[in-house]
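A.B. asks: what would the 3D arrangement of this be:
(one chain, ligands or ions: 1)
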Amino acid sequence: MEYEASVFQVFPEPQPDGILQLTQDFRADPREGKIDLGVGVFRDDSGATPIMAAVREAEGRLLATRETKAYIGLLGDVAFAEAITDLALGAALAGSDRLANIQTPGGTGALRLGFDLIVSARPEATVWVPGPTWLNHIPLITRAGLKHKVYPYYDAATGAVDFEAMAEAVAAIPAGDVILLHGCCHNPSGADLDLEQWRQIAAMLTSGGVVAFVDMAYQGFGDGPDPDAAGLRTIFSALPEALMSYSCSKSFGLYRERTGLLTVQCETARDRTHALGQMKLLARTSHSMPPDHGAAVVSTILRDDALRADWLAELDGARLRVVSLRSALAEAFGAAGFGDRFDFLKDNKGMFSLLGIGADAVARLRKRYGVYMPASGRINIAGLQAQQVSRLVEAISDCLEMEPVK
Ligand code: LMR
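C.D. replies: The predicted model follows:
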């Protein structure tokens with residue numbers, strides 16, 4: 001008899017993920033001298049992504065002392081949530097009885113749970129995202145069942161935020177809508193707001209009745225853990241209701257351990273209790289409980305003075321490495337005859353910048369030189385090695401197929 005159900009015939013041709021597929025393609029490329037500027041992963045000058053020393057030490061301690069793998073609970077590791085809110089929001093805000101925290105599978109899990117929560121509270125809300133934003137933000141919003149709109153953010157002509165255009169759009173967001181903001185190290189552009197601009201945005205959102213959702217995925221990679229959190233803290237101080245998704249992937253190098261947190265600030269302690277109930281329900285019907293290992297590592301590090309100091313020092317080393325690669329790249333472009341065209345690379349923060357080159361040039365770079373980056377022309381500077389800078393600049397000059405400005 002013929003099988004007639006054919007349930008799984010309906011799917012369209014698979015589309016590769018615009019960022020994650022690059023890792024596979026890069027690995028399969030046999031060419032020597034290939035350069036991987038794709039997924040946002042930190043690498044040292046040997047091309048390795050090392051386990052941070054404090055993480056290794058914490059893992060050793062956990063291995064030696066843990067006696068069970070029994071379930072922890074829907075909220076995950078509560079000590080982890082306290083340590084992360086303290087690190088991100090600072091002690092004063094973190095101590096509030098209006099914060100609902102739930103550990104999530106990575107920052108992505110926190111974003112999804114946050115959007116699911118918004119759907120349960122206000123399904124008609126529109127989520128406003130910066131133009132451009134992380135490749136996965138809009139799919140996450142859409143899969144959760146929400147609408148989105150884009151507010152102007154990045155100005156490709158200057159490599160910085162177009163604050164005037166942003167402020168004008170933010171002032172017009174209807175009450176009850178949600179704005180997604182990148183806490184620091186904007187992905188993909190590396191263009192961040194300064195503190196005064198954060199203050200202005202926070203004031204507009206407060207008077208406009210807009211809920212802010214701050215995505216915090218790179219704390220420590222811009223100017224250091226505290227300055228990087230200044231915008232987030234400004235938002236949480238000013239707005240009665242706000243959300244934070246936190247990722248430990250980059251700041252603790254825990255990528256594959258899927259370690260994240262969703263924090264929801266409510267208007268009252270009563271709202272917080274009810275929101276937490278809803279968050280547990282959403283988690284229960286999604287992944288149930290989050291993976292434990294990464295969170296246990298992070299809370300071990302953050303609650304031990306020596307380990308914490310060690311982690312901070314290593315994170316700062318990673319940050320300084322990116323800062324120096326940014327300078328080296330901008331200088332190499334200048335020396336190659338590009339004038340000040342790429343000087344913005346020095347001002348951008350964190351792992352990423354947009355080269356401002358077209359998808360055709362991105363394709364040529366890959367074909368001719370084995371240089372991999374997403375079609376947007378985003379480069380992961382944290383994945384570059386110092387000895388690759390001159391080859392990269394030569395490859396880009398060639399693939400732009402234009403005379404550099406003299
Ligand atoms: C990136 O943008 O490269 C990272 O956030 C990793 C990812 O999941 O896309």
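A.B. asks: kindly list the main-chain dihedrals of Ser247?
C.D. replies: phi -120, psi 130 (degrees, to the nearest 10).
A.B. asks: for Glu124, see how far away the nearest residue to Leu62 once chain neighbours are set aside is.
C.D. replies: With Cβ to Cβ, 6 or more residues apart in numbering as the criterion, Leu62 has its nearest non-adjacent residue at 5.6 Å, and that residue is Ala296. C-beta coordinates here come from the backbone N, C-alpha and C atoms, glycine included. According to Cβ to Cβ, to the nearest Å, Ala296 and Glu124 sit 39 Å apart.
A.B. asks: which of those two has more neighbours?
C.D. replies: Between Ala296 and Glu124, Ala296 has the larger neighbour count (other Cβ atoms under 10 Å), namely 22 against 9.
A.B. asks: and the more buried one, which helix or strand is it part of?
C.D. replies: helix 293-302 (DSSP states H and E).
A.B. asks: check the offset of whichever helix or strand comes after that helix from the chain's centre.
C.D. replies: Sequence order places helix 305-333 as the next helix or strand after helix 293-302, per DSSP H and E. Relative to the chain's own centre, helix 305-333 is displaced by 17 Å; criterion: Cα atoms, centre = their mean, to the nearest Å.
A.B. asks: the ligand contacts on the stretch 51-200 of the chain?
C.D. replies: By Cβ under 6 Å from any ligand atom, the residues of the stretch 51-200 of the chain that approach the ligand are 134, 136, 187.
A.B. asks: circling back to that earlier point, what residues of the helix holding Ala296 count as buried?
C.D. replies: 294-302 (16 or more other Cβ atoms under 10 Å).
A.B. asks: kindly report the same for stretch 321-337.
C.D. replies: Of the residues in stretch 321-337, those buried (16+ other Cβ under 10 Å) are 321-323, 325-326, 328-333.
A.B. asks: coming back round to it: separation between the residue nearest to Leu62 and the ligand?
C.D. replies: Separation of Ala296 from the ligand (Cβ to the nearest ligand atom, to the nearest Å): 22 Å.
A.B. asks: before we move on, what about Val129?
C.D. replies: In terms of Cβ to the nearest ligand atom, Val129 sits 14 Å off from the ligand.
A.B. asks: and Ala172, how many residues sit next to it?
C.D. replies: Ala172: 11 neighbours (other Cβ under 10 Å).
A.B. asks: how far away is it from Asp215?
C.D. replies: 22 Å.
A.B. asks: are we agreed that Glu13 is in a helix?
C.D. replies: No: according to DSSP: H, G, I helix; E, B strand; the rest coil, Glu13 belongs to no helix; its state is coil.
A.B. asks: run through who's touching stretch 199-215.
C.D. replies: The contact list for stretch 199-215, computed with Cβ atoms under 8 Å, 6 or more residues apart in numbering, reads 107, 111, 114, 118, 125, 127, 134, 137, 166-167, 170-171, 173-183, 193, 231-232, 234-245.
A.B. asks: show me which of the residues you listed are buried.
C.D. replies: Looks like the contacts of stretch 199-215 have 107, 111, 114, 118, 125, 127, 134, 137, 166-167, 170, 173, 177-183, 193, 231-232, 234-239, 241-245 buried, using 16+ other Cβ under 10 Å.
A.B. asks: next step: those restricted to strands.
C.D. replies: 127, 178-182, 242-245 (DSSP state E).
A.B. asks: and those residues as CSV, adding pLDDT?
C.D. replies: Shown next, in CSV, are those (pLDDT from 0 to 100):
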residue, pLDDT
Val127, 99
Val178, 98
Ile179, 99
Leu180, 99
Leu181, 99
His182, 98
Ala242, 98
Leu243, 98
Met244, 98
Ser245, 99
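A.B. asks: which residues touch the residue of the chain found nearest the ligand?
C.D. replies: Across the chain, no residue is closer to the ligand than Gly40, which sits at 3.2 Å (Cβ to the nearest ligand atom). Counting by Cβ under 8 Å, 6+ apart, Gly40 touches 19, 187, 250, 351-352, 380, 382-383.
A.B. asks: which of those sits closest to Ala91?
C.D. replies: Lys250 (23.2 Å; Cβ to Cβ).
A.B. asks: SS state for the nearest residue to that closest one once chain neighbours are set aside?
C.D. replies: Nearest in space to Lys250, with sequence neighbours left out and distances taken as Cβ to Cβ, 6+ apart, is Tyr218 at 5.4 Å. Using three-state DSSP, the structure places Tyr218 in coil.
A.B. asks: no further questions, thank you.
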